[in-house]
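Q: need coordinates for the following:
(one chain, ligands or ions: 2)
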Amino acid sequence: RQYRHGEASEVVVNIPDGQIVFGEHHPLVVVAGPCSVENEAMIVETAQRVKAAGAKFLRGGAYKPRTSPYAFQGHGESALELLAKAREVSGLGIITEVMDAAELDKIAEIADVIQVGARNMQNFSLLKKVGAQSKPVLLKRGMAATIEDWLMAAEYILAAGNPSVILCERGIRTFDRQHTRNTLDLSVVPVLRKLTHLPIMIDPSHGTGWSEFVPAMAMAAIAAGTDSLMIEVHPNPTKALSDGPQSLTPERFDHLMQELAVIGKAV
Ligand code: PEP
Ligand code: MN
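A: Ligands and ions are numbered 1, 2, ... in the order given. This is a model prediction of the structure:
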């Protein structure tokens, strides 16, 4: 779809705390939270701590796309209820993933932004369905998707009638699995800026796979001009049911937010 001059080049989301805008001419929006919603205490604590540090959205998976069918799959519907509770106590917006169109309606009831994960980036029937509802969509880049593949996936959502799509780079498949989980492709920031009006998010947590590398890549993403960041945060990463090694503690996240405020777009 051709971008029409004067068309909004931003995604506006109303969260309990007010209106948040993702876009080039707006402050950086930080999304933080655990990989998975594990229990009420951890999601509420994480929400309060990332909120205090300056995040605007809480992330957390209820339905998890895991490589192994024997790995923790997420608590499903009961996790959605916990996210609703965390939203209420913190005032943060909620971002959570939809894996199956059968769950879309109940996810849309509590989520402020619906995530389509890397593994579903080209699930065209799911893209059509998230495009036919009105909640904004966070579309993660498939791990082996070209930029053209990714933009065409976004196009499915736009073509179905939903103009609110945020593009999230989360790293592409790497040949060096020893030191990084993926290769975070920060070149997409200027490239997407040239090709599309859609807002850009960078996820250095999945992008690197290791918490110690997350701060450097978060700062690099801001230097490149990203509109938003997604950072995994867990109150006790060594005990996390998924993605502990790449999760920051709330203390480390707070410190990172202070560093980010110094280098770029106001947080
Ligand atoms: C996630 O954000 O929890 C996730 C599963 O990410 P991705 O789809 O990028 O692997
Ligand atoms: Mn994760």
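Q: and V31, what's its pLDDT?
A: V31 carries a pLDDT value of 98.
Q: next one: A8
A: 62.
Q: close to ligand 1: what parts of the stretch 151-267 of the chain are there?
A: Within the stretch 151-267 of the chain, the positions near ligand 1 by C-beta under 6 Å from any ligand atom are R170, H206. (Each C-beta comes from the backbone N, C-alpha and C, glycine too.)
Q: in the stretch 151-267 of the chain, what residue is nearest ligand 1?
A: R170 (3.6 Å; C-beta to the nearest ligand atom).
Q: run through the helices of the stretch 151-267 of the chain in chain order.
A: Under the criterion DSSP state H, counting those that start in this stretch, the stretch 151-267 of the chain contains helices at 188-195, 204-208, 214-224, 250-263.
Q: check contacts around the residue nearest the centre of the chain.
A: In the chain, the centroid-proximal residue (C-alpha atoms, centre = their mean) is M230; its distance is 4.9 Å. Contacts for M230 (C-beta atoms under 8 Å, 6 or more residues apart in numbering) come out as V31, A32, R59, I95, C168, R170, M201, I202, D203, S205.
Q: so what pairs up with it in the strands?
A: For M230, the beta-bridge partners under DSSP bridges are V31.
Q: tell me which of the helices of the stretch 151-267 of the chain lies nearest to D176.
A: Nearest of these to D176, taken as C-beta to C-beta: helix 204-208 at 11.3 Å.
Q: since we're on D105, how many residues are nearby?
A: 11 (other C-beta atoms under 10 Å).
Q: specify the local secondary structure of it.
A: helix (DSSP: H, G, I helix; E, B strand; the rest coil).
Q: pLDDT score assigned to the nearest residue to Y156 once chain neighbours are set aside?
A: Excluding its sequence neighbours, the residue lying closest to Y156 (C-beta to C-beta, 6 or more residues apart in numbering) is L127, at 3.8 Å. On the pLDDT scale, L127 is placed at 98.
Q: repeat that for R1.
A: Listed pLDDT for R1 reads 56.
Q: one more: S78?
A: Looking at S78, the pLDDT reads 98.
Q: equivalent analysis for R177, please.
A: 83.
Q: okay, now it: neighbour count?
A: R177 has 10 nearby residues by other C-beta under 10 Å.
Q: next one: the one 10 residues further on
A: Number of residues near S187 (other C-beta under 10 Å) recorded here: 11.
Q: relative to K239, how far out is it?
A: Separation of S187 from K239 (C-beta to C-beta, to the nearest Å) stands at 36 Å.
Q: out of the helices of the stretch 151-267 of the chain, nearest to ligand 2?
A: helix 204-208 (5.8 Å; C-beta to the ion).
Q: quick one: the closest one near ligand 2?
A: No - applying C-beta under 5 Å from the ion, one finds helix 204-208 separated from ligand 2 by no less than 5.8 Å.
Q: that helix - contacts with which helices or strands?
A: When contacts are defined as 3 or more C-beta pairs under 8 Å, 6 or more residues apart in numbering; DSSP states H and E, helix 204-208 sits against strand 182-183, helix 214-224, strand 228-232.
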